[in-house]
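> Test case, fold it:
(chains A and B)
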Protein chains: 2
Amino acid sequence: MAIITILGAGMMGSALALPLHDKGHEVRLVGTPLDEQIIDGLLSTGVHPKLKLAMPTGVRAFPVARLDEALDGVEVVGLGVSSAGVRWAAAELGPRLREGVPILSIAKGLELIGGRLVTLPDLLASLLPASLRAAPVAVAGPCIAGELARRVETCVVFTGRDPEITRRLAGLARGPYYHVFCRDDVAGVEACAALKNAYAMGVGFAAGLHEQRGGVSGSVAMHNHESAVFAQAVREMGRIVALLGGDPLQAMGPAGAGDLHVTCNGGRTGRFGRLLGLGIGLDEAIRRMEGATLECLEILAVLARALPFYEARGEIKRAELPLLWHLMEVAREGRPVAVPFDRFFGEEA
Amino acid sequence: MAIITILGAGMMGSALALPLHDKGHEVRLVGTPLDEQIIDGLLSTGVHPKLKLAMPTGVRAFPVARLDEALDGVEVVGLGVSSAGVRWAAAELGPRLREGVPILSIAKGLELIGGRLVTLPDLLASLLPASLRAAPVAVAGPCIAGELARRVETCVVFTGRDPEITRRLAGLARGPYYHVFCRDDVAGVEACAALKNAYAMGVGFAAGLHEQRGGVSGSVAMHNHESAVFAQAVREMGRIVALLGGDPLQAMGPAGAGDLHVTCNGGRTGRFGRLLGLGIGLDEAIRRMEGATLECLEILAVLARALPFYEARGEIKRAELPLLWHLMEVAREGRPVAVPFDRFFGEEA
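Numbering: from 1, shown residues only, chains lettered A, B, ... in the order given. Here you go, the predicted model:
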């Protein structure tokens, strides 16, 4: 059994503690400076204020001020920060970890560097000392944190640049309800993981359009609209995966169709898409999300900046991503939802 | 504009009348012997008793006794019968249609003939006179009939053995809310169309399991379970498509992931899967569906008979379809739901 320290005590970082603890590892959960309230709650009541459940007593909580203590003897690091926290985490962890300690990261996103999209595990590696360059392994796949924390059967994908490290971490984490599959296609898996938020927003449009037209939720609603968008989303995710050098088939796997599916069903991104479908306007839709992090807007912003580079190099045509460009019009320019179905699906499969 | 006669006045055959009528075609809707009540209702009130809406007055309803009259001058036939009605329809239409009249069929299923799975368009062609062998074109993709009949934006796939006929029919049918895409991969499209019912049942398990454990529906439920099954379903559909000589990428298109998605959201198959997940037993689950046609049981029965032939020929291994075999255990043998997640997703994408 291993000593595992998770840095980042938000929903997903904390949920990751459950399967690791249940597997018999010593799990230490360290809040970032943004997680002070969570750690206070855990230390005083044992209940995670965001997950709204009692954490196992074996999972010890630490404020960030005690990071050194929490990292003492650590064999694996779990990184529970969002994309925005990756740079901070690299700076904190880099000097503190001995050579070769693997880092299992839940951050999802893409960054534009030098006219190319870079996955977060690769970005993290580039920010770490040379002795840790092979360390990052990323988690993807359909996993709502609140469900994992309640031990709902969950399938995830681990992906990293070092197949041996990836498989070793999978072996440490895999358990009766946490099913871990390994993929060496970092670009493909991580592109899907980042893109699904943008596309889940688009799948959510139909619910809002339906309500706006006076419809009630039920088996006859606008599911045809919704599912056509879903299928085009999978197709476009595959295209962007290929653009990043990954295997387009990832888009039909757990990190692609699986995570897109769960994000539509369980996530705030789908709710945000519904608000846009309601036609209340972009600013009002954002206001009604009450400060929730909208990863869909973040990834669309990155893509809006990145795609012109790829187009200029002749690597992709705008017509290959009709849904994505419409998502940008709606969620960045405030244009009304009018999904361009006639431009979907090309002429082959 | 064309004279189009639809044979079969159930939900989907009748819904197909809408985009064709709105495009300006003369549409005649003929009931089968099973549709007498529907035709009576249409003739007396103008309201379709199953779709629960008034059909456009331009769509004329005919009982099957007036089939000859309804086929007078017909340029395209729409076939609105289920898989069970294909043989009957071929016998009725074969002698009555002049050479080359195309037949647009909504029937979905696979038949086992000579140790191989045959798609319904190919079966239909084999049952028709030589002059009509190129006639069948099948419709697939995410389309709930009640939504199409209410002119909800819908994307469908037309597929047939004659690319020119397929594209001509697509041109006749395509309209502002009925988006038609052409595929020449009959095996791939039709395998997905048939399989989605079996797999949608499996996606539905999670809702029942969650209720059985006392959970309430919401954003934290068993969506992780559900979406992992969804992703494995797409993967296995692609594998079976390849087994039938189709392009596995169909599984990530509208006929695959798209139709699976809509079937999970809007269909009776998902409700049946939920009942099985509740653990009330196979017989009780069937009883509670009150006589609804359960395509999932039909396709699972065909696959249970067919797969041993493919295995014996060394074309597929049982381990490649762990979800499908579990669906058969549950829905044919009455075994309890226990999804074999650890055998999902193989080791590549």
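> Could you use CA atoms for every contact and neighbour count after this?
Will do.
> Is any residue of the one helix or strand in chain A whose mean pLDDT sits lowest near chain B?
Least confident helix or strand of chain A, by mean pLDDT, DSSP states H and E, is helix A:259-266 with a mean of 91. Yes: Helix A:259-266 lies within reach of chain B by CA under 8 Å from any CA of the partner chain, at A:259, A:261-262, A:265-266.
> ok, then the element right after that helix?
Past helix A:259-266, further along toward the C-terminus, the next helix or strand under DSSP states H and E is helix A:268-277.
> Outside of stretch A:212-231 itself, list whatever touches it.
For stretch A:212-231, contacts defined as CA atoms under 8 Å, 6 or more residues apart in numbering or on different chains pick out A:199-200, A:202-207, A:210-211, A:277-279, A:323, B:142-144, B:146-148, B:152-155, B:252-254, B:256-259, B:261-262, B:265-267.
> Now that stretch: buried residues?
For stretch A:212-231, burial by neighbour count (16 or more other CA atoms under 10 Å in any protein chain shown) applies to A:212, A:219-231.
> Kindly reformat those as a markdown table containing secondary structure and pLDDT.
Formatted as a markdown table, the buried residues of stretch A:212-231 follow (DSSP: H, G, I helix; E, B strand; the rest coil; pLDDT from 0 to 100):
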| residue | secondary structure | pLDDT |
| --- | --- | --- |
| A:Q212 | helix | 93 |
| A:S219 | coil | 74 |
| A:V220 | coil | 81 |
| A:A221 | coil | 90 |
| A:M222 | coil | 95 |
| A:H223 | helix | 95 |
| A:N224 | helix | 97 |
| A:H225 | helix | 98 |
| A:E226 | helix | 97 |
| A:S227 | helix | 97 |
| A:A228 | helix | 98 |
| A:V229 | helix | 98 |
| A:F230 | helix | 98 |
| A:A231 | helix | 98 |
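> Please pick out the residue of chain A most distant from its centre.
Taking CA atoms, centre = their mean, the residue of chain A most remote from its mean C-alpha position is A:G214, at 33.4 Å.
> do you know how far that one is from B:L120?
Shown here: A:G214 relative to B:L120, a distance of 38 Å by CA to CA, to the nearest Å.
> ok, and the closest non-adjacent residue to the residue most central in space within chain A?
By CA atoms, centre = their mean, chain A has its centre lying nearest to A:K108, at 3.8 Å. Nearest residue to A:K108 in three dimensions, chain neighbours excluded: A:A194, at 5.3 Å (CA to CA, 6 or more residues apart in numbering or on different chains).
> quick one: stretch A:135-143 near chain B?
Yes: using CA under 8 Å from any CA, stretch A:135-143 reaches chain B at A:142-143.
> Tell me the residues of the stretch 201-349 of chain A that contact chain B?
Counting by CA under 8 Å from any CA, the stretch 201-349 of chain A sits next to chain B at A:218-228, A:230-232, A:234-235, A:247, A:249-254, A:256-259, A:261-262, A:265-267, A:341-342, A:345-349.
> Run a quick neighbour tally on A:A107.
26 (other CA atoms under 10 Å in any protein chain shown).
> likewise A:A89?
Neighbours around A:A89, by other CA under 10 Å: 20.
> go on, A:R287?
Residues within reach of A:R287, counting by other CA under 10 Å, total 10.
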